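> make a model of this:
(chains A and B)
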Protein chains: 2
Amino acid sequence: MWGSCSLACRPLADPALLQSLAQPAQTKLVLLVLDGLGGMPRAAGGPTELEAASTPNLDRLAAEGQAGLSQPIGLGITPGSGPGHLALFGYDPVASNIGRGALSALGLGLRLDAGDLGVRLNFCTLDDQGNVADRRAGRIETRANQELVAKLNELEVAGVELEFATESQHRAVLIIRGAYLSPAVQETDPQAVGVPPLEPEPLTATAQHTSAVLRLVSEAVRDCIGRESPANFVLMRGYAGLPELQGLNSLYGLQPVCLATYPMYKGLARVAGMAVVDGLDTADEQMAAVAEVWEEYDYFFIHHKAPDARGEDGDFDAKAAAIEELDRRLPALLELGPDVLVVTGDHSTPSLLRQHSWHPVPCLFWGGCVLPDTVESFGERACGQGSLGVFPAQSIMGLMLAHGGRLQKFGA
Amino acid sequence: MWGSCSLACRPLADPALLQSLAQPAQTKLVLLVLDGLGGMPRAAGGPTELEAASTPNLDRLAAEGQAGLSQPIGLGITPGSGPGHLALFGYDPVASNIGRGALSALGLGLRLDAGDLGVRLNFCTLDDQGNVADRRAGRIETRANQELVAKLNELEVAGVELEFATESQHRAVLIIRGAYLSPAVQETDPQAVGVPPLEPEPLTATAQHTSAVLRLVSEAVRDCIGRESPANFVLMRGYAGLPELQGLNSLYGLQPVCLATYPMYKGLARVAGMAVVDGLDTADEQMAAVAEVWEEYDYFFIHHKAPDARGEDGDFDAKAAAIEELDRRLPALLELGPDVLVVTGDHSTPSLLRQHSWHPVPCLFWGGCVLPDTVESFGERACGQGSLGVFPAQSIMGLMLAHGGRLQKFGA
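Below is the predicted model of the structure:
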């Protein structure tokens, strides 16, 4: 199968173009994301985790539908979960990128609304002269972090609302809620010891208010925990708000819902305007919930973390087993009667590399209007023979809408 | 065969870049468009119309050349004939989109020049209070429409030239010729009965003159047919002029000609600056005409409507038969000695769906400089294995020019 080249294709994925063509329909669209699905062989000439896994249901869907390799951002670019998912939802992953502060907040399940500012914090140690002695306060225990955060959450700073939260060890997150907040502020980590923290200087004129707020916050933090040990101050970085994204209901008239277990993906789904089913902790609960809410919604984002987690563990067999376990859940999903089903990942996480990679991600597209290709199984090499070729993940939303009869013709 | 993903590649098809590289040559380029060529199986696991058709000539060309699937606009987008063809001629189908009013005029074979305004009309019935009683005048017969149009073509409005034409039943088209015309005017169909028609309000400052003209036209129409019955007025919509496109001769030094039977495609060809052979009613006449004009031109756009028409009829077998009939004409075409021959469609029209669809379109590229791929026959699944992959239709013009030796190298 030769290349699939989108040289001058106006991306289908352009939300504005799709929005102009959107029309209502009764069809049900399902996006099943196996996080970190793509992988690599552990030995030369061997199979990847997905190829090694026994996946009769995914293979059948690939045989009945069409397959390809989705590219979340671009050739060679390794995506974080944020852009990887935003692309799957049809947004430009580069233009809509969510900064670390906001993503950390979403990851902790904190409420982040338009206008709020997320800040990543490292608890640190200042010496008596006020210089940084340890940028990570000796990597305090998570429990010590939680105790400090409980104290900090008593703080009040005029004109804004503050919410501190523990991430883990020395890492925490601060959400500032107020007006006129800007992320264009200097990070305060001096990246060295024996010098004082940097000031949160404004980087643009519109960030002066935020800069002033952050100075007040720093003073308040110093007053609150300045006599603690070893962590007696915070370094601030990764300031970020939410991108201003038009939601999927507003764009395409969908009633979208997210069924995920990890806060990060629920947060991303909210950013895209999806409803979120809370309180799901296992795959069993997720699948039961899909059935429960099936009648209320028409776009279902179902997220499974296990392949990525096992990949980051470096555990090839456990990743393959996780994929097999998810394959067994497909018949129940199909019983509900989706009109369009896409199975892919937000990026690859080869257990060989123990982290996200840039390798394109196996993708299968199943539904009544799909022209079947010659692919007979679901795996990296098989998908490379598929009729979608290597294509932008951002195109998936438009294809789902088209196959679901939710797009008018363009032009006469 | 793996995919080739060119998310951020500078598009080959950009007319300005191609124009900067254009050089003369004696080669003959042929674009043979089988309208609505792509299709779908009528039964699971079965062939598409093209795959079912017996096409020994197309198969041989595919085997000798290279194949792929052309994407007129983008993944998932269903094209109308307008954008589908403009892409095949090398223009950006979205930026150059032709509005309904202009396309209807072209479809009727009316002359439309740059600056003219096309308007779609519905004959309607106003009651004695001047409210709309029937938005379609009871769907009058085409003959009644023609009689009204004959009356309206006597009208004169100062400063502009008017030409009315019957489309069918209650539908007609008006072309206004004059200076400073703009399509940015409100449509007058109130989309309801019991209320008066809307005014053709200007939507931008530059449309004020046009708005005034349309009011004068409305008054003149009222005076002319106001006492007729049931159709005594017109509702106006789909205002559109021609996009300002640089012609193919100006861009690339081609001497292009169109051999088509339907007015729409002749109109689109004129928009692209092609000469048009008029008076062709059958495929026999088209092929005879190609031979007659072979020495005068060097780019031949040959259009066959039958596959699309049979697809819209929902007639799988008739569509396959239409394709077989066109396949039999290829030896005569090849006898003329084209240097480059491209066979594709402007979009897919699966008989299963009875309308245009978003499925990419089989495309074969034949010529002396073409590197043959492994494709042995001409069909959707075979083309999916071709070396062009799934590629933008807009790239076809640049590839034809290249294979015709009509492009210089870019850069030193």
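> going forward, measure contacts between C-alpha atoms and count neighbours the same way
Will do.
> hmm, residue A:297 is touching residue A:259, no?
No. Applying C-alpha atoms under 8 Å, one finds residue A:297 not in contact with residue A:259, separated by 11.7 Å.
> what about these two, which has more around it?
When residue A:297 is set against residue A:259 and neighbours are counted by other C-alpha atoms under 10 Å in any protein chain shown, the residue ahead is residue A:259, at 27 against 17.
> could you give the bridge partners of the closest residue to the more buried one other than its chain neighbours?
Of all residues not flanking residue A:259 in the chain, residue A:302 sits nearest, at 4.9 Å (C-alpha to C-alpha, 6 or more residues apart in numbering or on different chains). Going by DSSP bridges, residue A:302 is paired in beta bridges with residue A:32, residue A:259.
> would you agree residue A:302 is in contact with residue A:262?
No. Contact between residue A:302 and residue A:262 fails when scored by C-alpha under 8 Å: they sit 11.3 Å apart.
> the residue nearest to residue A:259: neighbour count?
By other C-alpha under 10 Å, the residues close to residue A:302 number 21.
> what do you get for residue A:122?
Residue A:122: 25 surrounding residues under other C-alpha under 10 Å.
> tell me which parts of the stretch 251-400 of chain A are close to chain B?
With C-alpha under 8 Å from any C-alpha of the partner chain as the criterion, the stretch 251-400 of chain A meets chain B at residues A:371-374, A:384-385, A:387-392, A:395, A:398-400.
> out of those, which sit inside helices?
A:398, A:399, A:400 (DSSP state H).
> closest to residue A:360 out of those?
Proximity of these to residue A:360 (C-alpha to C-alpha) peaks at residue A:399, which lies at 18.0 Å.
> roughly how far apart are that closest one and residue B:77?
The gap separating residue A:399 from residue B:77 is 8 Å, by C-alpha to C-alpha, to the nearest Å.
> and those two? Which one has more around it.
residue B:77 (29 against 26).
> got a list of what the more buried one touches?
By C-alpha atoms under 8 Å, 6 or more residues apart in numbering or on different chains, the contact list for residue B:77 reads A:12, A:398, A:399, A:402, A:407, A:409, A:410, B:357, B:358.
> residues touching the last one, list them.
Neighbouring residues of residue B:358 by C-alpha under 8 Å, 6+ apart: A:402, B:75, B:76, B:77, B:78, B:79, B:347, B:348.
> most widely separated two among these?
Spanning the widest gap among the contacts of residue B:358 are A:402 and B:347, at 14.3 Å by C-alpha to C-alpha.
> out of those two, which sits in the busier spot?
Counted by other C-alpha under 10 Å, residue A:402 and residue B:347 do not tie: residue B:347 has more neighbours, with 34 against 26.
> could you report the distance from the nearest residue to that one once chain neighbours are set aside to residue B:312?
Distances taken as C-alpha to C-alpha, 6+ apart place residue B:36 nearest to residue B:347, at 5.1 Å, with adjacent residues excluded. Taken as C-alpha to C-alpha, the spacing of residue B:36 relative to residue B:312 amounts to 9 Å.
> which one of the two is surrounded by more residues?
When residue B:36 and residue B:312 are compared for neighbours, residue B:36 comes out ahead with 30 against 20, by other C-alpha under 10 Å.
> need the contact list for that one.
B:305, B:307, B:308, B:309, B:311, B:345, B:346, B:347, B:348, B:349, B:350, B:356.
> if we can go back for a sec, anything in contact with each of residue B:36 and residue B:312?
Jointly contacting residue B:36 and residue B:312 under the rule C-alpha under 8 Å, 6+ apart are B:349, B:350, B:356.
> which among these are in contact with chain A?
Okay, of those touching chain A (C-alpha under 8 Å from any C-alpha), that's residue B:356.
> looking at the shared contacts of residue B:36 and residue B:312, which is nearest residue B:175?
residue B:356 (27.5 Å).
> please name the nearest non-neighbouring residue to that closest one.
Using C-alpha to C-alpha, 6+ apart and skipping residues adjacent in sequence, the residue nearest residue B:356 is residue B:349, 4.4 Å away.
> distance of the one you found relative to chain A?
For residue B:349, the distance to chain A (C-alpha to the nearest C-alpha, to the nearest Å) stands at 12 Å.
> what residues are up against that residue?
Listed by C-alpha under 8 Å, 6+ apart, the contact set of residue B:349 reads B:36, B:37, B:38, B:39, B:307, B:308, B:311, B:312, B:355, B:356, B:357.
> which of those residues sit farthest apart?
B:307 and B:357 (13.5 Å).
> tell me which of these two has more neighbours.
Taking neighbours as other C-alpha under 10 Å, residue B:307 and residue B:357 compare with residue B:307 leading, 32 against 27.
> contacts only, for the more buried one.
By C-alpha under 8 Å, 6+ apart, the contact list for residue B:307 reads B:34, B:35, B:36, B:37, B:319, B:320, B:322, B:323, B:349.
> which strand or helix spans it?
In this structure, residue B:307 is located in helix B:306-313 according to DSSP states H and E.
> dump that helix to PDB, restricted to CA.
C-alpha atoms of helix B:306-313 as PDB (Å, rounded to 0.1, in the frame of the first residue of the first chain):
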ATOM      1  CA  ALA B 306     -23.100   8.700 -17.300                       C
ATOM      2  CA  PRO B 307     -21.500   7.000 -14.300                       C
ATOM      3  CA  ASP B 308     -22.800   9.800 -12.000                       C
ATOM      4  CA  ALA B 309     -26.200   9.800 -13.500                       C
ATOM      5  CA  ARG B 310     -26.600   6.000 -13.100                       C
ATOM      6  CA  GLY B 311     -25.200   6.300  -9.600                       C
ATOM      7  CA  GLU B 312     -27.800   8.900  -8.700                       C
ATOM      8  CA  ASP B 313     -30.400   6.600 -10.200                       C
END
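> give the buried residues for it.
Residues of helix B:306-313 classed as buried by neighbour count (16 or more other C-alpha atoms under 10 Å in any protein chain shown): B:306, B:307, B:308, B:309, B:310, B:311, B:312, B:313.
> the bottom helix or strand of chain A by mean pLDDT?
One helix or strand of chain A scores below all others by mean pLDDT, DSSP states H and E: helix A:100-107, with a mean of 87.
> contacts for that one next, please.
Contacts for helix A:100-107 (C-alpha under 8 Å, 6+ apart): A:82, A:111-112, A:117-120, A:173-175, A:237-242, A:262-268.
> gap between whichever strand in chain A runs longest and the chain center?
Across chain A, the longest stretch assigned as strand under DSSP state E is strand A:117-126. The chain centre lies 22 Å from the centre of strand A:117-126; the measure is C-alpha atoms, centre = their mean, to the nearest Å.
> and if you look at stretch A:395-404?
Put simply, stretch A:395-404 sits 20 Å off its chain's centre (C-alpha atoms, centre = their mean).
> state the mean pLDDT of that stretch.
For stretch A:395-404, mean pLDDT is 96.
> just stretch A:294-301 next, same as before
Averaged across stretch A:294-301, the pLDDT comes to 98.
> next, the distance between the ends of that stretch.
Stretch A:294-301: ends 12 Å apart by C-alpha to C-alpha.
> circling back to that earlier point, other SSEs contacting the longest strand of chain A?
Applying 3 or more C-alpha pairs under 8 Å, 6 or more residues apart in numbering or on different chains; DSSP states H and E, we find strand A:117-126 packed against helix A:100-107, strand A:132-134, strand A:171-177, strand A:233-240.
> out of those, nearest to residue A:19?
Closest among these, using C-alpha to C-alpha: helix A:100-107, at 26.6 Å.
> export that closest one as PDB, just CAs?
Presented in PDB, the C-alpha positions along helix A:100-107 are these (Å, rounded to 0.1, in the frame of the first residue of the first chain):
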ATOM      1  CA  ARG A 100       1.500  22.400  31.500                       C
ATOM      2  CA  GLY A 101      -0.100  24.300  34.300                       C
ATOM      3  CA  ALA A 102      -3.600  23.800  32.900                       C
ATOM      4  CA  LEU A 103      -2.900  20.200  32.000                       C
ATOM      5  CA  SER A 104      -1.600  19.400  35.500                       C
ATOM      6  CA  ALA A 105      -4.700  20.900  36.900                       C
ATOM      7  CA  LEU A 106      -6.900  18.800  34.600                       C
ATOM      8  CA  GLY A 107      -4.800  15.800  35.500                       C
END
